[in-house]
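Need the 3D shape of this:
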Amino acid sequence: MEKRVVLAAMLMAGLLMLYQTLFLSSPAETPPQQKSETQAKTATSPVATTPGAIPAPPGTPAPAVAAPAAPVGPAVPALPERIASVETPLYRAKVISHGGDLQEWELHYRGQKPLVIPGLLGPTGLIVERPGAPAHAVGFTLSADRLVVTPEKPEGELRLSGEDGFGLRISETLRFRADNYTVERVIRVENRNAAAQSADLVLAWRTPVEWPKDTTEQFHGQHPVRVVGHLQDGLRREDLAHAATRLADGTWIALESEWYVSAFIPKSPGFKLVEAKVNGTAQVGVRVTLPRLQPGQAWEGTVLSYAGPKEYDRLKAFGVGLEKAIYFGGFPLPQNYGGLPMEWVTVPLLWLLHLFYAYTHNYGVAIILLTIIMKALFFPLTVKSMKSMKAMQAIQPQVNQLRSKYKNDTAKLQQETMALYRQHGVNPLGGCLPMVVQIPVFYALYVALSVAVEIQNAPFICFGRGPAWLPFLGGKDLWICNLADYDPTYILPLLMGVSMFVQQKMTPVMGDPRQAKIMLLMPVVFTFMFLNLPSGLVLYWTLSNVLQIAQQYYMDSGAKAAKVSTRAIKKA
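This is a model prediction of the structure:
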């Protein structure tokens with residue numbers, strides 16, 4: 001039994017220490033054999049040398065173009081670059097005329113969060129590709145220089161129009177909303193040439209595979225670290241380093257960090273999801289090969305783009321499974337039982353967290369209430385576990401005598417030990433099983449706080465910034481001003497370590513006392529583990545320890561009172 005206790009404790013420690021690397025590393029979700037079938041090698045292509053262009057994957061049918069003898073008309077002169085600003089309650093954006101690109105996309109989300117860095121991170125604009133000609137962004141004219149979207153005016157449009165130089169007139173209508181981080185792009189292409197022709201249109205979002213060393217992230221999660229997409233053969237998630245040129249059918253594709261996602265969602269047939277890695281830059285987007293347009297014929301398609309926080313309810317509202325971009329991981333179960341998807345437990349916990357926040361307006365208080373509710377729900381199981389551990393502790397001297405007596409006869413030792421358990425009505429697994437049932441739920445609470453973008457820059461008890469002359473704390477927020485960041489004073493992790501030590505001392509010792517001493521090292525290990533973890537997680541763990549201490553004290557007090565009553569009755 002004591003070996004099981006040590007093993008369980010070490011497994012819990014291992015889960016916490018390896019969580020960031022094993023669970024949030026998000027292994028590819030497509031089976032290796034499927035991945036090898038769909039992955040294509042990057043091909044040398046004229047468009048590969050064009051900045052911002054996604055190379056066409058091998059095997060992509062070439063778009064039909066006009067015969068060489070057909071006149072294509074004069075080249076379109078370069079237009080002076082113009083910029084249109086867009087203001088909404090949720091973000092500020094700037095659209096430039098060159099390709100209709102976003103030069104700025106800054107979220108008003110728990111601080112200012114720029115998701116676009118010109119030349120490094122962000123969309124590439126509308127790219128036109130055709131065989132024999134370099135890929136290029138369309139030069140547009142803009143319908144306005146400024147667009148303001150408010151709750152009173154919840155939707156606004158910006159119209160762009162331009163020529164590709166081969167007789168295709170291309171127009172875009174960008175629709176912005178006050179209540180979401182989306183841009184609806186309605187693209188219309190009309191052939192004004194005297195000959196039938198076609199082309200490929202590409203919309204993409206790019207990011208460096210490795211963040212430049214001389215560029216600092218302005219907020220945690222600014223740099224995407226994975227490609228994720230809902231393809232026809234299932235959900236695919238992989239690190240940027242493994243991105244490759246491929247083309248697939250599906251409902252959406254995105255670049256993601258732990259807390260933010262930039263996604264494309266095709267709303268019209270004919271669009272393909274594309275992924276590429278060119279010159280150290282990973283790109284995802286959508287590609288469409290226009291049908292062969294006769295003179296005067298037009299084509300129209302719609303693409304929805306989203307660049308914002310990974311809020312579960314907001315992503316689920318799209319109805320295309322975009323909420324799957326949030327990776328909850330899975331809780332391992334014994335062999336042949338697979339794993340427990342953490343989404344089943346984590347999503348309800350996130351719902352409760354948001355419910356408590358709606359009433360308290362403080363995510364720190366919401367975490368405290370959620371932890372108390374969870375402890376209260378499992379209190380009967382905790383009591384049962386503690387009683388069993390107390391019973392095991394009471395007969396431990398007799399178990400040790402049997403071990404000494406039958407140390408050379410394992411079969412007889414097991415037989416006599418089980419007889420002793422039956423004689424005293426003790427279940428050797430009674431102390432472990434109730435705790436095992438609770439572990440997935442408390443682990444799900446840990447995951448919920450790990451993926452909750454809502455706690456970014458959310459204060460708990462904030463005393464403002466420390467004076468510049470303070471060592472280590474000069475210019476930093478004092479105590480917990482950001483639940484998503486570590487505690488710069490390290491007060492909370494130290495309190496967690498102390499509470500864990502007290503809890504260990506109060507826990508009944510069921511096995512070898514030397515093993516109990518080894519277990520007392522766990523608070524030290526956990527304290528160092530939690531030093532740089534988000535304060536929200538440390539707050540949850542600390543409070544959980546404190547409640548466990550209170551429960552243990554309640555049980556010990558009840559046991560002492562029962563002993564006093566028994567003695568009084570015997571004396572009487």
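
Please count neighbours and contacts with C-alpha atoms only from this point.
Fine.

Quick check, residue 264 in contact with residue 318.
No: assessed by CA atoms under 8 Å, residue 264 is found out of contact with residue 318, at 11.7 Å.

Comparing the two, which residue is more hemmed in?
residue 264 (26 against 12; other CA atoms under 10 Å).

Can you tell me the number of residues neighbouring the residue lying closest to the more buried one once chain neighbours are set aside?
Excluding the flanking residues, the one nearest residue 264 by CA to CA, 6 or more residues apart in numbering is residue 305, at 4.5 Å. By the measure other CA under 10 Å, the count of residues near residue 305 is 22.

do the one 5 residues further on as well
For residue 310, the number of neighbouring residues by other CA under 10 Å comes to 25.

check contacts around it.
Residues in contact with residue 310, defined by CA atoms under 8 Å, 6 or more residues apart in numbering, are 259-261, 323, 325-326, 453.

quick one: it and residue 353, what's the gap?
Separation of residue 310 from residue 353 (CA to CA, to the nearest Å): 16 Å.

Which stretches in the protein count as helices?
2-18, 32-38, 312-316, 343-360, 363-377, 379-394, 396-405, 410-424, 433-451, 491-506, 513-519, 522-530, 535-571 (DSSP state H).

Residue 221 is in contact with residue 262, isn't it?
No: between residue 221 and residue 262 there is no contact under CA under 8 Å: 11.7 Å.

Got the domain ranges for this protein?
Structural domains assigned to the chain are 2-22+329-571, 25-45+58-75+83-325, following automatic domain parsing.

list the contacts for residue 446?
Listed by CA under 8 Å, 6+ apart, the contact partners of residue 446 are residue 537.

Compute the distance between it and residue 103, please.
Taking CA to CA, one finds residue 446 at 37 Å from residue 103.

which residues of the chain score low on pLDDT?
Per-residue confidence for the chain (pLDDT under 70) gives these ranges: 1-79, 330-340, 427-437, 464-478, 508-518, 558-572.

Could you identify the longest strand within it?
Identified as the longest strand of the chain according to DSSP state E is strand 298-309.

Given that strand, what are its sheet partners and their directions?
Note on strand 298-309: by DSSP bridges, its sheet partners are strand 182-191 (antiparallel), strand 260-266 (antiparallel).

buried sites along that strand?
Within strand 298-309, the residues scored as buried using 16 or more other CA atoms under 10 Å are 298, 301-309.

mind putting those in a markdown table, distance to residue 141 included?
Listed next are the buried residues of strand 298-309 as a markdown table, based on distance: CA to CA, whole Å:
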| residue | distance to residue 141 |
| --- | --- |
| 298 | 19 |
| 301 | 20 |
| 302 | 20 |
| 303 | 20 |
| 304 | 21 |
| 305 | 21 |
| 306 | 24 |
| 307 | 24 |
| 308 | 27 |
| 309 | 31 |
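
okay, among these, which ones form the most distant pair?
298 and 309 (36.1 Å; CA to CA).

which residues are contacting stretch 364-383?
So stretch 364-383 is contacted by 349, 352-354, 356-357, 360, 434-435, 438, 442, 459-460, 483, 536, 539-540, 543-544, 547, 551, 555 (CA under 8 Å, 6+ apart).

Can you tell me which of these are classed as buried?
For the contacts of stretch 364-383, buried by 16+ other CA under 10 Å: 349, 352-354, 356-357, 434-435, 438, 442, 459-460, 483, 536, 539-540, 543-544, 547, 551, 555.

Leaving out chain neighbours, which residue sits closest to the spatially most central residue of the chain?
Centroid-nearest residue in the chain, with CA atoms, centre = their mean: residue 258, separated by 3.6 Å. Counting by CA to CA, 6+ apart, residue 258 lies nearest to residue 221, which is 6.1 Å off, once chain neighbours are set aside.

and what of residue 523?
Per CA to CA, 6+ apart, closest to residue 523 is residue 497, 5.1 Å.

what's the neighbour count on the one you found?
Residue 497, neighbours per other CA under 10 Å, totals 22.

Likewise for the one 4 residues further on?
Applying other CA under 10 Å, we find 19 other residues in the vicinity of residue 501.

closest one to residue 230 among the strands paired with strand 298-309?
Among the strands paired with strand 298-309, strand 260-266 comes nearest to residue 230, with 9.9 Å by CA to CA.

Going by neighbour count, which residues in that closest one are buried?
Residues of strand 260-266 classed as buried: 260-266 (neighbour count, 16+ other CA under 10 Å).

And for stretch 96-113?
96-107, 109, 113.

Name the surrounding residues that touch it.
81-84, 89-95, 114-118, 122-127, 137-142, 160, 218-219, 222, 308, 456-458.

Show me which of those are buried.
Buried among the contacts of stretch 96-113 by 16+ other CA under 10 Å: 82-84, 89-95, 114-117, 122-127, 137-142, 160, 222, 308, 456-458.

Report how many residues lie close to the residue lying closest to residue 273 once chain neighbours are set aside.
Nearest residue to residue 273, sequence neighbours excluded (CA to CA, 6+ apart): residue 286, at 4.7 Å. A count of nearby residues for residue 286, using other CA under 10 Å, gives 26.

and if you look at residue 296?
Per other CA under 10 Å, the neighbour tally for residue 296 reads 13.

Please look at it and residue 191 and confirm they touch.
Yes: look at residue 296 against residue 191 with CA under 8 Å: they come within range, at 5.3 Å.

Identify, from the buried residues of strand 260-266, the entry nearest to residue 407.
Nearest to residue 407 among the buried residues of strand 260-266, with distances taken as CA to CA, is residue 260, at 59.2 Å.

what sits opposite that closest one in the beta ladder?
Beta bridges link residue 260 to residue 309 when assigned by DSSP bridges.

contacting residues for it?
Listed by CA under 8 Å, 6+ apart, the contact partners of residue 260 are 221-222, 224, 307-310, 453.

Reformat those residues as JSON lines; add distance to residue 378.
Below are those laid out as JSON lines (distance: CA to CA, whole Å):
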{"residue": "221", "distance to residue 378": "35"}
{"residue": "222", "distance to residue 378": "38"}
{"residue": "224", "distance to residue 378": "38"}
{"residue": "307", "distance to residue 378": "39"}
{"residue": "308", "distance to residue 378": "36"}
{"residue": "309", "distance to residue 378": "33"}
{"residue": "310", "distance to residue 378": "30"}
{"residue": "453", "distance to residue 378": "27"}
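
what's in contact with stretch 139-152?
78-79, 82-89, 97-100, 155-164, 171, 176-179.

what about it, how long is it end to end?
End-to-end distance of stretch 139-152 (CA to CA): 33 Å.

May I see the buried residues of that stretch?
139-142, 147-149.

out of those, who's nearest residue 502?
Nearest to residue 502 among the buried residues of stretch 139-152, counting by CA to CA, is residue 149 at 55.3 Å.

Chain neighbours aside, what residue packs nearest to that closest one?
residue 88 (4.9 Å).

and the one you found, how many neighbours?
So residue 88, with other CA under 10 Å, has 24 neighbours.

I'd like to know how far residue 154 sits from residue 379.
Counting by CA to CA, the separation of residue 154 from residue 379 is 48 Å.

hang on, I meant residue 122
49 Å.

With residue 155 instead?
Distance from residue 155 to residue 379, by CA to CA: 50 Å.

Surely residue 166 is in contact with residue 194?
No: contact criterion CA under 8 Å: residue 166 and residue 194 do not qualify, at 10.4 Å.

Neighbour count for the two, which is higher?
residue 166 (20 against 15).

ok, which stretches of the stretch 51-200 of the chain are strands?
Secondary structure of the stretch 51-200 of the chain by DSSP state E, counting those that start in this stretch: the strands cover 83-87, 91-96, 102-108, 112-114, 122-123, 127-130, 133-137, 139-142, 146-148, 155-163, 168-177, 182-191, 200-208.

whoops, the stretch 201-350 of the chain was the one
226-231, 234-239, 246-248, 250-256, 260-266, 271-278, 281-289, 298-309, 330-332, 339-341.

Show me the one of the ones you listed that comes nearest residue 212.
strand 281-289 (11.3 Å).

can you list contacts of the closest one?
54, 63, 198-209, 227, 240, 243, 253-255, 263-264, 266, 270-277.
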